[in-house]
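K.L.:
Please find the sequence and the predicted model below.
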Amino acid sequence: MQLQPGWKTYWRTPGDSGVPPRFDFSKSDNVEAVTVLWPAPVKFDDGAGGHSMGYHDQVVLPLRIVAKNADKPVLLRAEINYAVCEKICIPVETTAELPFTSVASTEDSALFAALDTVPKPASIGDPNPLTIRDVKRDGKSSIVVDVVSPGAGPVDLFVEGPTPDWSLPVPKPLDHGPVGVKRFSFELDGVPPGTNPEGAALKFTLVGGDRAFEFNVNLE
C-alpha cells in the first residue's frame, strides 16, 4: 500500500477508530491457507481523544501461503477491504489475482525488509533488551504491564483479545513505576458481553525503535 502524505491505513486491530483490513482468499486455486504477517504499527492521535494504530507512507503486508499440492502451481485470488484516512476515512474494495509459477521474485528485497518489521515471538521475562517483564492484575478490571527497554526512547504497547470482537483500549504509560521499568496500564473494557475474561489469551505487541516483539499471555 502506497499512501499519499498525511494519509494512513490501519493495523489488524485499529484502536479507538478506524477500519481493519479484511482479506478473503477463498477463491484461490491450490491454496490450503494464507497467513497475513503484520508489520509493527505506529500509534496515531485519532482527533477525538483516543488513538488508532496503523501505517503511513508505505506498508508491505507479507503473505505466508501454504499450497494444497506443492507440485502444482498456485493461483492466489484476493478480495480486499480496507480504508485510507486523512480527516475522513474512505473505504476501498479491490481484488487481486497473482499466479505463482516459481519462488523467485523481483520483490524479494521489499518482502525481506517488511519481514524484518514483523514483531518476533517472545515470552514474558525474555532477556532481550526490549521485553515485557511482568503482566499482572491490579484489582478486578485493571491490568498492569511492566516493560524494560534500552535507553530513554519511546516505547509503544498494544493489546488484543482472543477474537476480533474484543475491543481492548490502548495501554497507557504511567508516570510512576519501579526504577528502570516503563509501566503501562489498561482497563478490561471492550470485552464482549457475557464473556468471562478469566484465562483469556491476550496478545501484546511491544514496539521500541526498530525492534518489535509479540507476547501471548493467558489472563490470570
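P.N.:
Received the coordinates, thanks. Residues are numbered from 1 along each chain as shown.
K.L.:
helix/strand/coil for F112?
P.N.:
Judged by DSSP: H, G, I helix; E, B strand; the rest coil, the three-state class of F112 is helix.
K.L.:
Just list the residues touching it, thanks.
P.N.:
Contact criterion Cβ atoms under 8 Å, 6 or more residues apart in numbering gives no residues in contact with F112. From N, CA and C alone the C-beta is placed, and that goes for glycine too.
K.L.:
Can you tell me how far the residue in the chain sticking out farthest from the centre is from L98?
P.N.:
Note on the chain: the largest C-alpha distance from the chain mean falls to D71, namely 32.9 Å (Cα atoms, centre = their mean). To L98, D71 is 19 Å away according to Cβ to Cβ, to the nearest Å.
K.L.:
do the same with L219
P.N.:
Distance, L219 to L98, using Cβ to Cβ: 39 Å.
K.L.:
pLDDT score for S102?
P.N.:
Looking at S102, its pLDDT is 68.
K.L.:
If you could redo that for A200, that was the one I meant.
P.N.:
The per-residue pLDDT reported for A200 equals 89.
K.L.:
repeat for the one 3 residues further on
P.N.:
Looking at K203, its pLDDT is 96.
K.L.:
So which residues of this protein form helices?
P.N.:
Along the chain, counting by DSSP state H, helices occupy 108-116.
K.L.:
Walk me through the domains of it.
P.N.:
The chain breaks down into these domains under automatic domain parsing: 8-116, 120-218.
K.L.:
mind checking the end-to-end distance for the first one?
P.N.:
Using Cα to Cα, to the nearest Å, the end-to-end distance of domain 8-116 comes out at 21 Å.
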